[in-house]
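K.L.:
From the sequence below, what's the structure:
(chains A and B)
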Amino acid sequence: MRAWRDDSLMDVLPLLPQTLADGFLLGAVYAIVAVGLTLTFGVLRIVNFAHGDFLALGLYLTYIGATWLHLDPYLSLVLVLPLVTLVAAFTYRLLIAPVILAPEHNQIVVTLGLSLILQNAMLAIFTADLHAMPSVLSGHIVRIGNVFIQAAALIASAASIAVCLGLYWLLRSTELGRQIRAAAQDRDAALMSGVNVDRMYLIAFCIGVGSLGLVAPLIAPFNYVSPSVGSNFTLTAFIVVVLGSMGNFVGALIGGFIIGLVEAVGGLLTGGSINFIITYAIFILFLLFRPEGLLGGRRL
Amino acid sequence: MKRMVGFFLSTTVLLAAFNTNAADAVKVGAVYALTGPGAVGGGDGMRGTELAIEEANASGGLKNHGGAQIELVKGDSQSKPVNAVGETERLINQDKVVLIMGAATSNETVPLSQVAEKYGIPHINTIPQQESMTNGSLKWTWSTTLIDSDYVAGIFHALDMIHKLDPKKTKIAVLCPDNEYGIEMGKQLKAQLADRKDLKVVSFIDYGAAAQDLLQPALKVKASQPDIVIQVGYFRAGVLASKAYEQLDFHPIVIGTGGMSGDPKLRKEIGKLVAWQFAVTPFSADLPAAQKTGAAFEKKFQQPLTLNSALGYFGTKVAIRALDSAKSFKPADIADALRKVKFRKDEMITSSDYIEFDQNGRNKGRDTTITQFQGDKLVTVWPPEKATAKPVLKNFNTP
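P.N.:
Reported below is the predicted structural model:
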């Protein structure tokens, strides 16, 4: 179905600043989700198909905090972040570590299986109902000219960028970061140099997945939670990661913004679901002509 | 030894009693989306079906069949048409259900009805309003709900109602999903709006049915500066559209379809944002006959009776009555009973006036009501004879 009146460029031009703002904010959230994914891939060389489901887990923990403990999503951060990190640590020990040296297809089956288990467990516990979570910032809109931005989205985006940069600094400028990078670059050489590789893998997995425990309460006020919400983020995060080069932090950040902007501008210029086609077309084009991504070759 | 003999005796008696009940039970199938993106509506439909069957069994089962109990066999379409087909095949061939109900969306229900047609098993369409299922092409489908044109007629009743309250509200924007439901509704709305010289359509925007936010479609709607937004869609789209209007500081009069603007759960999820929205719906919870069902539903599931729950419940009640009055549980006898089944006005928990099927399996007594969230309450404001409150004309997200 097409729009009743044709959306000429002149018609949509005045709407572009709002769309760019929406795309930028969305992109920042995609970036932090993708950064976690790219970290686990870059260090552990494991493609975590359950990545988005940990975000859904974080959102449900935020929801529990809001409904049972009457905590504002921002306050529940102090519970959700450690809990998601703890779940990540257990997941690493129980499921990821045993297959870390196994063939890739074994690892894929494990993370895919974990994704299905998490989704169905959330479905069994919380049902398929969709829930929104209000916060003190709900309804607070920041207006800049004709651009309207949710204060909560602004905070989430700022925090996402800060966390991305913080993680980049951690990896580049600290002893822990150097050891993680050593484990990522050459497992055997790192072992021979006295790096506790298993410990570095655990820390990287906990940071990569645990960052979702930070994201979840921040996006909760302007998002919703349902058992399948995570899989949408997983899919987008994969596109972002491929676009920005797998295992590359800066690439994930840039890729996140690109996909956020493409989705938003695509939504403005086209109708219905066509904007998703644009996103996937970019993904396929990159896989065909530049599989190494935007910043090809430069890893952690 | 005596205790052992007693144990075996009591076990045997219990098993015999269990087997007797099992032999008497009649199996009915229900296929809804219990997982996937359509699981909110599908789960609601299934819960309604569960309650109706539980109530029937508790009140003595099918009385004309020696009190036979009804056994519900569930199928999960996973929100996919292909799985709706697979699950219907399973229920018919493996579980030997005598009748099938479902699903919650047209995309799943149309292929489901084809399977029922193939095997000659009666199918009750409880929720979707797809007209093609009851236009004479299917012999084994009976629809206890509305069709698209009923919703469109209801939307025009709402427009006329608003026009009476404020004749200056003439600029209309339409927001429709790009799925089968939205396309059909959009087509009918376009055609009828074109005939209305007193109304001016300023935009007609479609949105992705699976979109994660509706900011861009809402932005385009806002840019067209309508007085009234007609929004077609389901619960999730209702949440997303309201959030988008709030962010964009957009305050139109909103008329939505039942799932998008009239679901009782909306109040809990988006609070005051749902206030003053009008919904054209096949179910109003404040109708006298619906209140008892609403209380029973809330007691069993700790949640309000939603639109889909009510439609699932009511469709199942119709199925149960037909099963009870059928000569046997053979498909032809059940079909015969469905052709004759009737529900009087005072028995209706939905907005329709009565149930009586025409030769195509379409209910002749179809009707909609218009509801509005006023404060904490979702009240019926139209038609006047069913209204429990007067309509209040206030813009979206205004005090």
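
K.L.:
since we're on the closest residue to B:Glu55 other than its chain neighbours, how many residues are nearby?
P.N.:
Using C-beta to C-beta, 6 or more residues apart in numbering or on different chains and skipping the chain neighbours, the partner closest in space to B:Glu55 is B:Ala296 (7.1 Å). For glycine as for every other residue, the C-beta is placed from the backbone atoms N, C-alpha and C. B:Ala296 has 16 neighbouring residues, counting by other C-beta atoms under 10 Å in any protein chain shown.

K.L.:
doesn't B:Leu51 make contact with B:Ala296?
P.N.:
Yes. With contact defined as C-beta atoms under 8 Å, B:Ala296 counts as touching B:Leu51 (6.4 Å).

K.L.:
List the buried residues of whatever helix or strand A:Ala56 lives in.
P.N.:
Using DSSP states H and E, A:Ala56 maps to helix A:51-67. Within helix A:51-67, the residues scored as buried using 16 or more other C-beta atoms under 10 Å in any protein chain shown are A:51-66.

K.L.:
ok, so of those residues, who is nearest B:Glu246?
P.N.:
The closest of those to B:Glu246 turns out to be A:Ala66 (C-beta to C-beta; 18.5 Å).

K.L.:
State the distance from the closest one to A:Leu218.
P.N.:
14 Å (C-beta to C-beta, to the nearest Å).

K.L.:
so what sits against both of these two?
P.N.:
Each of A:Pro73 lies in contact with both A:Ala66 and A:Leu218 under the rule C-beta atoms under 8 Å, 6 or more residues apart in numbering or on different chains.

K.L.:
Up against chain B, what does the stretch 51-200 of chain A have?
P.N.:
By C-beta under 8 Å from any C-beta of the partner chain, the residues of the stretch 51-200 of chain A that approach chain B are A:120, A:123, A:127-132, A:134, A:139, A:141, A:143, A:148-150.

K.L.:
Can you say which of the residues you listed are buried?
P.N.:
For those, buried by 16+ other C-beta under 10 Å: A:123, A:127-132, A:134, A:139, A:141, A:148-150.

K.L.:
hmm, which two among these are most spread apart?
P.N.:
A:Leu123 and A:Phe148 (34.6 Å).

K.L.:
Residues of the stretch 51-200 of chain B that sit close to chain A?
P.N.:
B:Val174, B:Cys176, B:Pro177, B:Asp178, B:Gly182, B:Ile183, B:Gly186, B:Lys187, B:Lys190.

K.L.:
could you redo the last one with a cut-off of 6 Å?
P.N.:
B:Asp178, B:Ile183, B:Gly186 (C-beta under 6 Å from any C-beta of the partner chain).

K.L.:
Helices - which of those land there?
P.N.:
B:Ile183, B:Gly186 (DSSP state H).

K.L.:
So which of the residues of the stretch 51-200 of chain B next to chain A is the closest to chain A?
P.N.:
B:Asp178 (3.3 Å; C-beta to the nearest C-beta).

K.L.:
May I have the phi/psi pair for the residue nearest to that closest one when sequence neighbours are not counted?
P.N.:
Closest residue in space to B:Asp178, ignoring its immediate chain neighbours: A:Gly272 at 3.3 Å, by C-beta to C-beta, 6+ apart. Note on A:Gly272: backbone dihedrals following degrees, to the nearest 10 are phi 60, psi -140.

K.L.:
I would like the residues contacting the helix holding A:Ala56, please.
P.N.:
The contact list for helix A:51-67, computed with C-beta atoms under 6 Å, 6 or more residues apart in numbering or on different chains, reads A:37, A:71, A:73, A:76, A:79-80, A:83-84, A:115, A:118-119, A:131, A:133, A:209, A:212-213, A:216-217, A:220, A:225, A:229-231, A:233-234.

K.L.:
swap the cut-off to 7 Å and go again
P.N.:
A:33, A:36-37, A:71, A:73, A:76, A:79-80, A:83-84, A:87-88, A:115, A:118-119, A:122, A:126, A:131, A:133, A:209, A:212-213, A:215-217, A:220, A:225, A:227, A:229-234, A:237 (C-beta atoms under 7 Å, 6 or more residues apart in numbering or on different chains).
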